[in-house]
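**Q** I would like to see how this sequence folds:
(chains A and B)
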Number of protein chains: 2
Amino acid sequence: MKKAIVLLSGGLDSSTVLAIAQEQGYECYTLSFDYGQLHRAELEASGRLSQQMGAVQHKVVSLGLRDIGGSALTDDSIAVPTDPGVGIPVTYVPARNTVFLALALGWAEVLGSFDIFIGVNAVDYSGYPDCRPEFIAAFESLAQLATKAGVEGGRFHIHTPLISMSKAEIIQCGQRLGVDYSQTTSCYAADAAGRACGRCDACRLRRVGFEQAGVPDPTHYQP
Amino acid sequence: MKKAIVLLSGGLDSSTVLAIAQEQGYECYTLSFDYGQLHRAELEASGRLSQQMGAVQHKVVSLGLRDIGGSALTDDSIAVPTDPGVGIPVTYVPARNTVFLALALGWAEVLGSFDIFIGVNAVDYSGYPDCRPEFIAAFESLAQLATKAGVEGGRFHIHTPLISMSKAEIIQCGQRLGVDYSQTTSCYAADAAGRACGRCDACRLRRVGFEQAGVPDPTHYQP
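**A** Numbering: from 1, shown residues only, chains lettered A, B, ... in the order given. Below is the predicted model:
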């Protein structure tokens, strides 16, 4: 059985990706990052989902993104916006997916895996540059050159099964695969109990996705 | 004055790179990583050197490379070798320079900088894949695609002034620029006082470098 690293934030997208990787027959190792998220709900959700969904191992790697800042998600002085706005939003974390994929690549090499799954999406996304297919292709090329395993002839593959799916399609796919979305947390401003604000960009995209998928929204919202 | 991020480990190479970036007229922001190095001497050296050499700011970002392991530098159960050996040595940290450059890229974007300096070397090096020019070129391409600043038209440049210099040439260059090598720590197994073991790969390369440069070796060795 081939091993895969699955980047798992505990949100709707990455949980669906885990289900897809499992269905494709990979032995899944899930990876989350502790970068001082405002609420621990996201990290707790990822560990719980990994276990419930049958991953072999769940790893949480600490990462000082707050030391760098520059985003509403890593700097408390920048507010999470409640309106979609124009252009790339302030929730963009500089170079985040590059950092996440680099650490996933390191763990893949340690495990002898050449397959990394990430839930980036270029359709219903927020305009982040590091969610685009050309970024993923460039990272795949880099992985070959960056590693001992690549130099020795192994071929790394960055899997992005959601990249051209709408949020509604993602939800329909996950439902078919039995993902329990009530256990996932997408909100940028969840409370300590993991309940969603219902107002941020992530909440808005998620709610519209359930509506368009014709699936009842199981999200736990704040009162 | 243009801003540059300089990756500064506190060793001989990165200290020379900082001196070169300063000489080229950059306003330098130095970046080190706290990944649970066995000895704090390396981190202390980087902070001290940054200040002494006139960098604008020194940042230490925490990074859970020990959560991933797979190298003599990040896993205590793998011994640091004292012989050069054959092939890529066990001191290779999977995807390390990819992770380091990704975090440097994030900070560069926050600061509005497009210049990152890294002391990789493809001559007297230990065989690490992520020290080669083709890796650096691939990362530079990735940086354009990965970031808001790149998408908006800025051109990132990864500077590798040491890439084709021998260790002796690096030392001669640093001496000309006034680098105080007695303050630098290169050893993979330095003691708590920062004194070098004199036996590991890094010590061996450094000592031969001073010999070939015809410069007295100012390294503090363990008794």
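
**Q** do whatever helix or strand A:Ile5 lives in and chain B meet?
**A** Using DSSP states H and E, A:Ile5 sits within strand A:3-7. No. Strand A:3-7 lies out of reach of chain B by Cβ under 8 Å from any Cβ of the partner chain, never closer than 10.6 Å. The way it works is simple: take the backbone N, C-alpha and C, and place the C-beta from them, glycine included.

**Q** next, the angle strand A:3-7 makes with the following helix or strand past that strand.
**A** Once the chain leaves strand A:3-7, the next helix or strand it forms, by DSSP H and E, is helix A:12-23. Note on geometry: by axes from the mean of the first three to the mean of the last three Cα atoms, to 10 degrees, helix A:12-23 and strand A:3-7 are set 170 degrees apart in direction.

**Q** now for helix A:12-23, which elements pack on it?
**A** Counting contacts by 3 or more Cβ pairs under 8 Å, 6 or more residues apart in numbering or on different chains; DSSP states H and E, helix A:12-23 is packed against strand A:3-7, strand A:27-34, helix A:41-52, strand A:115-117, helix A:167-176.

**Q** the second one pairs with which strands, parallel or anti?
**A** Meaning strand A:27-34. strand A:3-7 (parallel), strand A:57-62 (parallel) (DSSP bridges).

**Q** mind checking the pLDDT average for that strand?
**A** Mean pLDDT, strand A:27-34: 96.

**Q** now it: how far from the chain's centre is it?
**A** 10 Å (Cα atoms, centre = their mean, to the nearest Å).

**Q** alpha carbons of it, as CSV, please.
**A** Only the C-alpha atoms of strand A:27-34 are listed here, as CSV (Å, rounded to 0.1, in the frame of the first residue of the first chain):
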residue,chain,number,x,y,z
GLU,A,27,-2.2,4.7,3.5
CYS,A,28,-2.8,8.2,4.9
TYR,A,29,-0.5,10.2,7.2
THR,A,30,-2.2,13.5,8.1
LEU,A,31,-0.3,16.7,8.8
SER,A,32,-1.5,19.8,10.6
PHE,A,33,0.3,22.9,11.7
ASP,A,34,0.2,24.7,15.0
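
**Q** what's the burial count for the closest residue to A:Cys197 other than its chain neighbours?
**A** Among residues not flanking A:Cys197 along the chain, A:Ala189 sits closest, at 4.4 Å (Cβ to Cβ, 6 or more residues apart in numbering or on different chains). For A:Ala189, the neighbour count with other Cβ atoms under 10 Å in any protein chain shown is 19.

**Q** surely A:Ala189 touches A:Ala79?
**A** No. In terms of Cβ atoms under 8 Å, A:Ala189 does not count as a neighbour of A:Ala79; the distance is 9.4 Å.

**Q** please give the element, helix or strand, for A:Ile136.
**A** Per DSSP H and E, A:Ile136 falls inside helix A:133-146.

**Q** measure the residue of chain A most remote from its centre to B:Asp130 for me?
**A** No residue in chain A sits farther from the centre than A:Glu152, which is 29.3 Å out by Cα atoms, centre = their mean. Noted for A:Glu152: a distance of 14 Å to B:Asp130, by Cβ to Cβ, to the nearest Å.

**Q** now swap in A:Leu65 and tell me
**A** In this view, A:Leu65 and B:Asp130 are 21 Å apart by Cβ to Cβ.

**Q** now swap in A:Thr74 and tell me
**A** 25 Å.

**Q** these two: who's more crowded?
**A** Per other Cβ under 10 Å, whichever of A:Thr74 and B:Asp130 has more neighbours is B:Asp130, with 27 against 23.

**Q** what's the pLDDT at that one?
**A** B:Asp130 is given a pLDDT of 92.

**Q** touching, it and A:Thr147? I think so.
**A** Yes. Assessed by Cβ under 8 Å, B:Asp130 is found in contact with A:Thr147 at 7.5 Å.

**Q** between the two, what contacts are shared?
**A** Residues touching both B:Asp130 and A:Thr147 (Cβ atoms under 8 Å, 6 or more residues apart in numbering or on different chains) are B:Ala95.

**Q** buried residues, the helix-or-strand element of chain A with minimal mean pLDDT. List them.
**A** Lowest on mean pLDDT, DSSP states H and E among the helices and strands of chain A sits helix A:65-68, with a mean of 88. Judged by neighbour count (16 or more other Cβ atoms under 10 Å in any protein chain shown), helix A:65-68 contains these buried residues: A:65-68.

**Q** and if you look at stretch A:69-79?
**A** A:69-75.

**Q** and the residues you listed near chain B, which?
**A** Contacts with chain B within those, counted by Cβ under 8 Å from any Cβ: A:69-70.

**Q** Throw the buried residues of stretch A:69-79 into CSV and include secondary structure, pLDDT and distance to B:Ala138, thanks.
**A** Rendered in CSV, the data for the buried residues of stretch A:69-79 read as follows (DSSP: H, G, I helix; E, B strand; the rest coil; pLDDT from 0 to 100; distance: Cβ to Cβ, whole Å):
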residue, secondary structure, pLDDT, distance to B:Ala138
A:Gly69, coil, 84, 27
A:Gly70, coil, 82, 24
A:Ser71, coil, 84, 25
A:Ala72, coil, 81, 30
A:Leu73, coil, 81, 27
A:Thr74, coil, 84, 26
A:Asp75, coil, 84, 30
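
**Q** between the buried residues of stretch A:69-79, which sits nearest B:Pro218?
**A** Among the buried residues of stretch A:69-79, A:Gly69 lies closest to B:Pro218 (Cβ to Cβ), at 37.4 Å.

**Q** now the residue lying closest to the closest one once chain neighbours are set aside: how far from B:Ala168?
**A** In space, and not counting its chain neighbours, A:Gly69 is closest to A:Asp75: 4.0 Å by Cβ to Cβ, 6+ apart. Plainly put, A:Asp75 is 44 Å away from B:Ala168 if you go by Cβ to Cβ.

**Q** neighbours of A:Ala193, how many?
**A** With other Cβ under 10 Å as criterion, A:Ala193 counts 9.

**Q** what count of nearby residues applies to A:Ala149?
**A** When neighbours are counted by other Cβ under 10 Å, A:Ala149 comes out with 22.

**Q** got the CA positions of stretch A:77-89 in CSV?
**A** In CSV, the C-alpha atoms belonging to stretch A:77-89 read as follows (Å, rounded to 0.1, in the frame of the first residue of the first chain):
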residue,chain,number,x,y,z
SER,A,77,-4.0,43.6,14.9
ILE,A,78,-5.4,42.8,11.4
ALA,A,79,-9.2,42.1,11.6
VAL,A,80,-10.8,39.2,9.7
PRO,A,81,-13.1,40.8,7.1
THR,A,82,-16.8,40.1,7.0
ASP,A,83,-17.2,41.3,3.4
PRO,A,84,-15.8,39.5,0.4
GLY,A,85,-14.0,42.7,-0.8
VAL,A,86,-11.9,43.1,-3.9
GLY,A,87,-8.6,41.4,-4.8
ILE,A,88,-6.6,39.1,-2.6
PRO,A,89,-8.0,39.4,1.0
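
**Q** which SS class is the closest residue to A:Arg206 other than its chain neighbours?
**A** Distances taken as Cβ to Cβ, 6+ apart put A:Ser186 closest to A:Arg206, at 4.8 Å, once the chain neighbours are dropped. Reducing the assignment at A:Ser186 to three states with DSSP: H, G, I helix; E, B strand; the rest coil gives coil.
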